[in-house]
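> Need coordinates for the following:
(chains A and B)
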Protein chains: 2
Amino acid sequence: MRGVTRSAQGRGELTPMESRILRAAVRLFAEKGFDATTVQEIVDAAEVTKGALYHYFDAKDDLLFEIYHSLISSQMADLDRIIALRLSAADTVRAILVNLVETTASRVDEAAVFTREMHKLNADRMAAFRADRRRYHETFREVIDRAQTAGELGTVVPADTAVLIALGVVNQLPTWYRPDGPKSPQQLGTEIADFVLAALSA
Amino acid sequence: MRGVTRSAQGRGELTPMESRILRAAVRLFAEKGFDATTVQEIVDAAEVTKGALYHYFDAKDDLLFEIYHSLISSQMADLDRIIALRLSAADTVRAILVNLVETTASRVDEAAVFTREMHKLNADRMAAFRADRRRYHETFREVIDRAQTAGELGTVVPADTAVLIALGVVNQLPTWYRPDGPKSPQQLGTEIADFVLAALSA
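Modelled structure (predicted):
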């Protein structure tokens, strides 16, 4: 439950020890799957003591939750920071999308493992994950909705649908993105932003 | 391997017996996961004999493969049919997107199970799945690319990125779509098409 307490504070910043344990967990979950991986194997792979792991995480479930929670918490903090800059609506949407693509691409293995195993989260953790995701979606939606009301962005589709489309390509990124691919995350983010803003200028 | 032979023929049409077995497999994979489900449990749930199952499917892997293969094969046939109508570029893109959303929404449980378990496919099946998906992506990309070259659609982003965005929201649909949600698949498909075409008119 310590993970949930930390998440409730919305921090999501990891200590070096937590990062080390999570990296080992991601590798093992990717290789063997969540169910087949034991806490002992994670302890061995991370080269930490069982005591150290249990100091930070109550159970294997905590590890799975934290893999994504640490990513979306930092994305949420970035989102709040971008909105606070009070840029134009178009520049805000662009900054949000480039940030999302860059941060997701930088942790694409974590995102892939989480997507695959998230249905294993227990009910509390699933509710916490859904709340995180909903908060991100809702904040982004409000940015677009407000700009549509103010006439700064077009209304070709409701803000909700625009966000489903923009987040859809980002959330699918783990299925096609390769770090050695032809386009950098920055370039991909820029193209996605160009597309979304072209649609919302109509 | 019979599944692969059939897939090589690009048919993907299921007999009633295959549909019945696949429906049982989808339910069990959703409940217990692919690894924890036995062929015997699928046979029991489908109320068929083991002999009947093995007449259609060589192994549990075949069932997982066929869950998605039967969907993408029918989507690929629809795509070819839509292109053969020689509509305007905009009407072609619209028909493709509405079809994708409607067909994916109609089999959203299958799509969710496959997304979650597809990494369990063996190397041959994974290659066959990737080839299916690449063929769909590439055919859709050519539709947009040709229309961009002819000046029928705008060039705000390369055709490849437009397809990643359009297919991204469709492939994410299993994570948010609910049959009892406020919008019908037809309406969702229309909104996604409106958005994509607005971007590609710029």
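> hang on, isn't residue A:26 packed against residue A:111?
No: judged on Cβ atoms under 8 Å, residue A:26 makes no contact with residue A:111 at a distance of 9.8 Å. For every residue, glycine as well, the C-beta is placed using N, CA and C.
> ok, these two, which is more surrounded?
Between residue A:26 and residue A:111, counting by other Cβ atoms under 10 Å in any protein chain shown, residue A:111 is the more crowded of the two (24 against 21).
> if I pick the closest residue to the more buried one other than its chain neighbours, what's in contact with it?
Of all residues not flanking residue A:111 in the chain, residue A:174 sits nearest, at 4.6 Å (Cβ to Cβ, 6 or more residues apart in numbering or on different chains). Neighbouring residues of residue A:174 by Cβ atoms under 8 Å, 6 or more residues apart in numbering or on different chains: A:104, A:108, A:111, A:112, A:115.
> export those residues to a markdown table and tack on pLDDT?
As requested, the contacts of residue A:174 are exported to a markdown table (pLDDT from 0 to 100):
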| residue | pLDDT |
| --- | --- |
| A:104 | 96 |
| A:108 | 93 |
| A:111 | 92 |
| A:112 | 91 |
| A:115 | 89 |
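> Can you flag which of those residues belong to helices?
Among the contacts of residue A:174, the members falling in helices (DSSP state H) are A:104, A:108, A:111, A:112, A:115.
> which one of those is nearest chain B?
Within the ones in helices among the contacts of residue A:174, the smallest distance to chain B is 7.6 Å, found for residue A:115 (Cβ to the nearest Cβ).
> The nearest residue to the closest one once chain neighbours are set aside: helix or strand, and which one exactly?
Excluding the flanking residues, the one nearest residue A:115 by Cβ to Cβ, 6+ apart is residue A:174, at 6.1 Å. According to DSSP states H and E, residue A:174 maps onto helix A:159-176.
> got a list of what the nearest residue to residue A:23 once chain neighbours are set aside touches?
Leaving aside its sequence neighbours, residue A:23 sits nearest to residue A:46 (Cβ to Cβ, 6+ apart; 7.4 Å). Residue A:46 makes contacts with A:20, A:21, A:23, A:24, A:25, A:53, as judged by Cβ under 8 Å, 6+ apart.
> And residue A:46, how far from residue A:56?
Going from residue A:46 to residue A:56 by Cβ to Cβ, to the nearest Å gives 11 Å.
> Spit out the residues that contact these two alike.
By Cβ under 8 Å, 6+ apart, the residues touching both residue A:46 and residue A:56 are residue A:21.
> Assess the claim that residue A:153 and residue A:201 are in contact.
Yes: using Cβ under 8 Å, residue A:153 is in contact with residue A:201, at 7.3 Å.
> Got the confidence number for the most centrally placed residue in chain A?
Centre of chain A computed as the mean C-alpha position; nearest residue by Cα atoms, centre = their mean is residue A:72, 3.5 Å away. What the model reports for residue A:72 is a pLDDT of 93.
> now it: how far from chain B?
Distance, residue A:72 to chain B, by Cβ to the nearest Cβ, to the nearest Å: 14 Å.
> what's the spacing between that residue and residue A:41?
Separation of residue A:72 from residue A:41 (Cβ to Cβ) stands at 26 Å.
> If you count residues, where's the longest helix of chain A?
Criterion DSSP H: the longest helix present in chain A is helix A:123-149.
> name the helices or strands packed onto that helix?
Packed against helix A:123-149 by the contact rule (3 or more Cβ pairs under 8 Å, 6 or more residues apart in numbering or on different chains; DSSP states H and E) you find helix A:2-8, helix A:60-84, helix A:89-106, helix A:159-176.
> Tell me who's in contact with the residue nearest to residue A:95 when sequence neighbours are not counted.
Spatial nearest neighbour of residue A:95, chain neighbours left out: residue A:82 (4.7 Å); criterion: Cβ to Cβ, 6+ apart. Residue A:82 sits next to A:92, A:95, A:96, A:99 when contact means Cβ under 8 Å, 6+ apart.
> okay, those in CSV with pLDDT next?
Conversion of the contacts of residue A:82 to CSV gives the following (pLDDT from 0 to 100):
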residue, pLDDT
A:92, 98
A:95, 98
A:96, 98
A:99, 98
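> Check which residues of stretch A:109-122 are buried.
Using 16 or more other Cβ atoms under 10 Å in any protein chain shown as the test for burial, stretch A:109-122 gives A:110, A:111, A:112, A:113, A:114, A:115, A:116, A:117, A:118, A:120, A:121.
> I figured the third one was touching residue A:26, is that so?
When you say that, I think you mean residue A:112. No: using Cβ under 8 Å, residue A:112 is not in contact with residue A:26; the gap is 9.1 Å.
> For residue A:200, give its distance to chain B.
Going from residue A:200 to chain B by Cβ to the nearest Cβ gives 8 Å.
> Surely residue A:159 touches residue A:141?
Yes: with contact defined as Cβ under 8 Å, residue A:159 and residue A:141 form a contacting pair (4.8 Å).
> which residues of chain A score low on pLDDT?
Counting by pLDDT under 70, the ranges of chain A that qualify are A:1-12.
> For chain A, list the residues in contact with chain B, please.
Residues of chain A lying close to chain B (Cβ under 8 Å from any Cβ of the partner chain) are A:33, A:35-36, A:115-116, A:119, A:154, A:156-158, A:161-162, A:164-165, A:167-172, A:175-176, A:188, A:191-192, A:194-196, A:198-202.
> before we move on, the earlier item: find residues that contact each of residue A:153 and residue A:201.
residue A:90.
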